[in-house]
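# Model the structure of this input:
(chains A and B)
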Amino acid sequence: MAKVKSLADLKKMKEQLQSSISLREKSEHPEGMVQVKVAMATCGIASGAKDVMEFFTGNLEKRNVEAIVTQTGCMGYCYAEPTIEVRLPGQDPVVYGFVDVKKADEIIEKYIKQGELVDGIIPVNYETIDKK
Amino acid sequence: MSKYKMHLLVCGGTGCHASASNQLLENLKKEVADKDLSGEVQVISTGCFGFCEKGPIVKTIPDNTFYTEVKPEDATDIVAEHVIKGRQVKRLLYKDPVRKEVISDSKDMGFYKKQLRIALRNCGFINPENIDEYIAADGYNALGKVLTEMTPEEATKVVIDSGLRGRGGGGFPAGVKWDIARKVESDQKYVVCNADEGDPGAFMDRSILEGDPHSVIEAMAINGYCIGADKGLVYIRAEYPLAIERLKIALDQAREYGLLGEDILGTGFNFEIEIRYGAGAFVCGEETALIHSMEGHRGEPTFKPPFPAQSGYLGKPTNVNNVETFANIPVIYNKGAEWFASIGTEKSKGTKVFALAGKINNVGLIEVPMGTTLREVIFEIGGGIKDGKKFKAVQTGGPSGGCLTEKHLDTPIDFDTLIASGSMMGSGGMIVMDEDDCMVSVARFYLDFTVEESCGKCTPCRVGNKRLYELLDVISKGNGTHAELDKLRNLSEVIKDTSLCGLGQTSPNPVLSTMDNFWDEYLSHVEDKMCPAGQCKELIRYEVVEENCVGCTACARNCPVNCISGERKEIHFIDQSLCIKCGACFEKCKFNAISVS
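Now for the predicted structure:
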């Protein structure tokens, strides 16, 4: 990657990156890109988030789901680790808690493939700075 | 959500579970099935909504109606009225206690605005190992703005105007600290990030470094520009391997993009960051001890002044801030000092991250505006006390802080009110205790920690804390008298007044605050030789309650020292001279036939 040489460069980069990320989110094809974020802070990893992450990366492709699986930091729900956030194209993200491999399988089959919510949703309980 | 037209989310958290949310869930499913709606309406059990005081909770999607205190028998009405006829069941809607209004949409509820994420804004949102995601989330914009549009003086003024105070615990105004370092003349200055998080129960700095390392890097570079330093150091405990790894990745990426190193963004400003490892000593969170440790000396504090801003790392002017303080910095430039100063209380601006732990339902990382009350944090966000027990105390500020009680629950939390109540903010550990916690044991636990962590340089701390621990030990074993209680208080005052650094000056705080707030408990240990919470082993007795004992032999079979005798179907007996007070009999008995006194 080339160096960022000026603030203008950085701004241009930000726009490109933002649009590429929003492209992922607002995909024209609803079956298109699914985003799965696995909370991989110490609390998550200690509760088995690595296995869950591996399961998602391995299985989504196998089951022909086009998806991006990434890791992220602590979502704050340490009591419900491992936690994951799933964003289906064009929809609000949904966070699931206590996700083991069995639960992950259910999430792929029911929520990701058919859009059916499954047990274990963690309700959002904070505001982000964008709203303030 | 293609198939189903409506979803009913039923809280399955511990609190709601205890109030029969399971039965409610079953009833709703049955009602939905009876009305032939199974293909259209889905009933789902969720994690905790946090709002346990008003549980069980039912939320409907997509119309976001929020029902509170729902009983199993309300399932009929919800399905018949809401689901079928589309009319809200008014009597189950939430009533705002302040405005006395009925609120139906959860988006309008004050409760869900209690948390505001500033320092944690990217934690759990972006991939910490991908700089592109940080840039897409406004990352490095503040650094660019500062380098191209502001003089160091102007940039420092932004932090002063924001009113940001150091989140490490002391609460010194960050901008003022920067300004002092900026004004000192020197050929070399340093920026230090204090990532030595040693408080028992605190984990916010680790989580920020694990979830959003770039925000700390960006803030350090801004600080470097403000004070005229081209070198930054992160002092991090070696026990945080994941945080270290993510920080290293982030540093490499920032270098690769030219956001660290020579001539950043073509402005001629140079800045580089190195990592220094600490061995995890509590005292090294203190700035002077931290600096000595980085220099390769023993992590011992020295008397201030000179302050690090005058003579710090290698004798050069050094600005030390902790991780959470730095994490706030980029937002302050992006959103403006006024925006930041509009959040919080008069003298404590912005938000504070707390690591909620202990006997609480929602253990986790939360961020609330300063001025939020302890009650809101513990009972609303934290979801209340585990297993329906009674709240007893909350420990804030780690070993330097104190225990607050029921009467403090409605105090708005900020730096000054916590100190006025006999505790302190500290780095933000918050340990919640219930009726089963013995406050003498709690004080002894913290003293044990301080004794271990004292660097030993000054006598009041090295010897005094050891003696404090011994006094507490004597009391908890039932051998204490009023003389011990008097000594405890006097010695505490002396240690506070005469210790060299913050560690010693604050180490008696857990003792003093528990004595102030739980004097009765100390008295019962000393006068009645009793531990009201049933924790101090030497002071409790397990006995068989004869009228409840059915002779099931469960206690005798589980007793590790075979001190329980009695025939099948006959009353059992505990031999007190052999009993080791492990509590196994108490836990195994299903008939409440073992009492603790």
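# need the contact list for the residue nearest to B:T396 when sequence neighbours are not counted.
Nearest in space to B:T396, with sequence neighbours left out and distances taken as C-beta to C-beta, 6 or more residues apart in numbering or on different chains, is B:S423 at 4.9 Å. From N, CA and C alone the C-beta is placed, and that goes for glycine too. By C-beta atoms under 8 Å, 6 or more residues apart in numbering or on different chains, B:S423 lies in contact with B:395-397, B:401-404, B:509, B:513.
# Identify the residue of the stretch 151-300 of chain B closest to chain A, quick one.
Of the stretch 151-300 of chain B, the residue with the smallest distance to chain A, taken as C-beta to the nearest C-beta, is B:G211 at 1.7 Å.
# State the number of residues packed around that residue.
Using other C-beta atoms under 10 Å in any protein chain shown, B:G211 has 30 other residues around it.
# List the contacts of it.
A:41, A:72-74, B:120, B:122-124, B:126, B:128.
# just to revisit the earlier point, could you name the specific helix or strand carrying the residue nearest to B:T396?
Following DSSP states H and E, one finds B:S423 outside all helices and strands.
# which intervals of chain A have sub-threshold pLDDT?
Under the criterion of pLDDT under 70, the regions of chain A flagged as low confidence span A:1, A:20-32, A:131-132.
# how about the strands of it, start to end?
Using DSSP state E, the strands of chain A run over residues A:34-39, A:67-72, A:84-87, A:94-96, A:121-122, A:127-128.
# and of those strands, who's closest to B:S162?
Among the strands of chain A, the nearest to B:S162 by C-beta to C-beta is strand A:127-128 (18.9 Å).
# Check which helices and strands that closest one sits against.
strand B:116-117 (3 or more C-beta pairs under 8 Å, 6 or more residues apart in numbering or on different chains; DSSP states H and E).
# rewinding a little: where's the residue of the stretch 151-300 of chain B closest to chain A relative to A:K102, distance?
27 Å (C-beta to C-beta, to the nearest Å).
# before we move on, what about B:D528?
52 Å.
# related to what we said a few turns ago, any idea which of the strands of chain A gets closest to A:K113?
Of all the strands of chain A, the one in closest proximity to A:K113, counting by C-beta to C-beta, is strand A:34-39 (9.3 Å).
# interface residues of the stretch 201-350 of chain B facing chain A?
Taking C-beta under 8 Å from any C-beta of the partner chain as the test, the list of the stretch 201-350 of chain B residues beside chain A reads B:203, B:206-208, B:210-212, B:242-243, B:256-259, B:265-266, B:331, B:335, B:339, B:343.
# same thing but 6 Å
Residues of the stretch 201-350 of chain B lying near chain A by C-beta under 6 Å from any C-beta of the partner chain: B:207, B:210-211, B:242, B:256-258, B:265-266.
# What parts of chain A come near chain B?
Taking C-beta under 6 Å from any C-beta as the contact definition, chain A meets chain B at A:1, A:3-7, A:10, A:13-14, A:17-18, A:21, A:39, A:41-42, A:70-80, A:97, A:115, A:117, A:119, A:121-123, A:125-129.
# Show me how to select, in ChimeraX, the buried members of those residues.
Filtering those down to the buried ones (16 or more other C-beta atoms under 10 Å in any protein chain shown) takes a single ChimeraX command:
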select /A:4,6,7,10,13,14,17,21,39,41,42,70,71,72,73,74,75,76,77,78,79,80,97,117,119,121,122,123,125,126,127,129
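# State the helix or strand in which the closest residue to B:I126 other than its chain neighbours lies.
In this structure, B:I126 finds its nearest non-sequential neighbour in B:E133, 4.0 Å apart by C-beta to C-beta, 6+ apart. The secondary structure element spanning B:E133 is helix B:131-136 (assigned by DSSP H and E).
# which residues sit against the helix or strand following that helix?
Once helix B:131-136 ends, the next helix or strand along the chain (criterion: DSSP H and E) is helix B:141-149. Applying C-beta atoms under 6 Å, 6 or more residues apart in numbering or on different chains, the set of residues contacting helix B:141-149 from outside is A:7, A:10, B:155, B:218, B:221-222, B:225, B:265, B:267, B:269, B:330, B:333-334.
# quick one: which of those residues sit in helices?
Cross-referencing the contacts of helix B:141-149 with the helices (criterion: DSSP state H) gives A:7, A:10, B:155, B:218, B:221-222, B:225, B:330, B:333-334 as the overlap.
# can you pull out the helices in chain A?
Here chain A has its helices, by DSSP H, at A:7-25, A:42-46, A:49-62, A:101-106, A:113-114.
# Redo those as a markdown table? Include distance to B:E73.
Shown next, in a markdown table, are the helices of chain A (distance: least, C-beta to C-beta, whole Å):
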| stretch | distance to B:E73 |
| --- | --- |
| helix A:7-25 | 42 |
| helix A:42-46 | 38 |
| helix A:49-62 | 38 |
| helix A:101-106 | 30 |
| helix A:113-114 | 32 |
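# quick one: which of the ones you listed is nearest B:A289?
With distances scored as C-beta to C-beta, the stretch of the helices of chain A nearest to B:A289 is helix A:42-46 (25.1 Å).
# So which bits of the closest one are buried?
When burial is assessed from 16+ other C-beta under 10 Å, helix A:42-46 yields the following buried residues: A:42-45.
# for it, the distance to its chain's centre please.
Relative to its parent chain, helix A:42-46 has a centroid offset of 17 Å by C-alpha atoms, centre = their mean, to the nearest Å.
# give me phi/psi at residue 63?
Looking at chain A here, since you left the chain open. With angles defined as degrees, to the nearest 10, A:R63 shows backbone torsions of phi -100, psi 20.
# That was the other one, I meant chain B.
Main-chain torsions, B:D63, degrees, to the nearest 10: phi -90, psi 0.
# export the longest strand along chain B as PDB, just CAs?
Of all segments of type strand in chain B, defined using DSSP E, the longest is strand B:269-278. Extracted as PDB, the C-alpha positions of strand B:269-278 are listed here (Å, rounded to 0.1, in the frame of the first residue of the first chain):
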ATOM      1  CA  PHE B 269       6.100  16.400  11.400                       C
ATOM      2  CA  ASN B 270       7.900  13.200  12.600                       C
ATOM      3  CA  PHE B 271       6.600  10.800  15.200                       C
ATOM      4  CA  GLU B 272       7.500   7.200  16.100                       C
ATOM      5  CA  ILE B 273       6.100   4.900  18.800                       C
ATOM      6  CA  GLU B 274       7.900   2.100  20.700                       C
ATOM      7  CA  ILE B 275       6.500  -0.500  23.000                       C
ATOM      8  CA  ARG B 276       7.900  -1.100  26.500                       C
ATOM      9  CA  TYR B 277       6.900  -4.000  28.600                       C
ATOM     10  CA  GLY B 278       6.100  -3.900  32.300                       C
END
